[in-house]
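Novice: Next come a sequence and a model predicted from it.
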Amino acid sequence: MKCRAFVLLISAAGSLSVHASSRPRLPSASMVPATATRPSPVVGRPNDPLFGTQYYFETMNVLEAWRITAGSPTCLVGVLDTGFDLKHPDLRGNLLPEYQAEGMEHPDSWPVKHHGTAVAGLIAAKANNGIGLAGLAPECRILPAAYGTHALFRERTPEASRQWNILVGQKQAQAMRYLVDKGCRVINCSFTPALSLKAGFEYAIAHDVVVVVASGNVNSHRPAWPAGVLDVLCVGGVDQNDQRWVDPPKEVEVAKGQKKTITQGSAYGIGLNVVAPMRGLAVCTPRHFNDHLLDDQWKEVPLGKAMRWYLHGEKGGTSYATPMATALVALIRSLRPDLDYRQVIKIVEQGADDLGEKGWDKYTGWGRINFAKSLKLAQSWPKAR
Ligand SMILES: [Ca+2]
Ligand SMILES: [Ca+2]
């Protein structure tokens, strides 16, 4: 079950052969020059050509929030994902060198490089630079950690899936320790975690890091572990109208030669903290993979060749709701580095716009996140003792 959820969230890896490179040397967080929190680089509407598709800026009141802060380069955001395109033009300057998990495959292929690039772009694509998208925390920096893929993932037998789950969780835990040790203040996990990642989560939380996890795409009445078990920020997905995302049932291949009718939707229930938009998004993508993607789910952005670094699709998932909350956490931590992780999570929850039944409810948690409301709360929040 866990495995199937994971497959759905990150999609299937292609044919892979390249092995992990050694870890690059990175500047430590203490080497990043300390600067004051930066207000928005934008006066009025950002000039990024895809900004017109970014409806969620208005939904979540982001431009108003940016009058307070658009983030700080000293607030490092860890993104733990399959892989990243480090050359993406809209991430240039905001994406630090990549950590690659040893013993895993890091091929230059889709979807391994797509998923992390899309997530990173939603958080910190450069704003008002005249290209592509505006990220939600554009003055923050991302430290990307790629866990890659492995032959076990492609085998798709029950035993291989079991082994893959253990392996990838261990690799993710190592990567998470790396992100924590480098000074990340928030870590984005847009995947369904394996139990073997437990040590990584505990390490991050013990070091006062806000860990943001996806509720999962399996429409179940229980969000993905460790929501409700460990002290993480669990994020579900809503559509453009603030309705919980749920698709009509469809038949999919869940294992080699094995099909099943499933319903995809934002997982809900005890442990769900908040929700964020995840439908109808334009996202950053590795340019040279676009040719393989032009199907019924993803369309090339109709803005000419210069826009081939982006895709726009109705389909999304809680993978894309999660980085929205991560970006909000990054802004709060940029503004108030003195607050601890529990206070930051509380500010995200209390600033959310309540949806559905009054107060916390199982489908939308404390509601859909609201950047301006949370940042205003953060401005006056009492200091941590
Ligand atoms: Ca941009
Ligand atoms: Ca509610």
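Specialist: Done, it's in. Note that the coordinates shown come from a computational prediction; the quantities given were computed from them, not determined experimentally. Numbers count the residues shown, from 1 in each chain. Ligands and ions are numbered 1, 2, ... in the order given.

Novice: Quick check: mean pLDDT of the strand or helix carrying residue 251?
Specialist: Taking DSSP states H and E as the definition, residue 251 sits inside strand 250-255. Strand 250-255 shows a mean pLDDT of 82.

Novice: How many residues are close by the nearest residue to residue 60 once chain neighbours are set aside?
Specialist: Leaving aside its sequence neighbours, residue 60 sits nearest to residue 371 (CB to CB, 6 or more residues apart in numbering; 5.0 Å). C-betas here are computed from N, CA, C, even on glycine. If you count neighbours by other CB atoms under 10 Å, residue 371 ends up with 27.

Novice: and residue 371, how far is that from residue 63?
Specialist: Between residue 371 and residue 63 the computed distance is 9 Å (CB to CB, to the nearest Å).

Novice: can you give me phi and psi for the residue nearest to residue 60?
Specialist: Residue 371 adopts backbone torsions of phi -60, psi -50, taken as degrees, to the nearest 10.

Novice: what about the next helix-or-strand element following the strand holding residue 251, distance to the chain center?
Specialist: Once strand 250-255 ends, the next helix or strand along the chain (criterion: DSSP H and E) is strand 258-262. Taking CA atoms, centre = their mean, to the nearest Å, one finds strand 258-262 lying 27 Å from the centre of the chain it belongs to.

Novice: Partner strands of strand 258-262 and their direction?
Specialist: If you go by DSSP bridges, strand 258-262 pairs up with strand 250-255 (antiparallel).

Novice: Show me which positions of the strand it pairs with end up buried.
Specialist: By 16 or more other CB atoms under 10 Å, the buried positions in strand 250-255 come out as residue 255.

Novice: With stretch 111-120 instead?
Specialist: 111-120.

Novice: With respect to residue 152, which of those is nearest?
Specialist: Checking the buried residues of stretch 111-120 against residue 152 with CB to CB, the nearest one is residue 112 at 14.5 Å.

Novice: quick one: pLDDT of that closest one?
Specialist: 90.

Novice: element containing the closest residue to it other than its chain neighbours, please.
Specialist: Using CB to CB, 6+ apart and skipping residues adjacent in sequence, the residue nearest residue 112 is residue 83, 4.3 Å away. Under the criterion DSSP H and E, no helix or strand holds residue 83.
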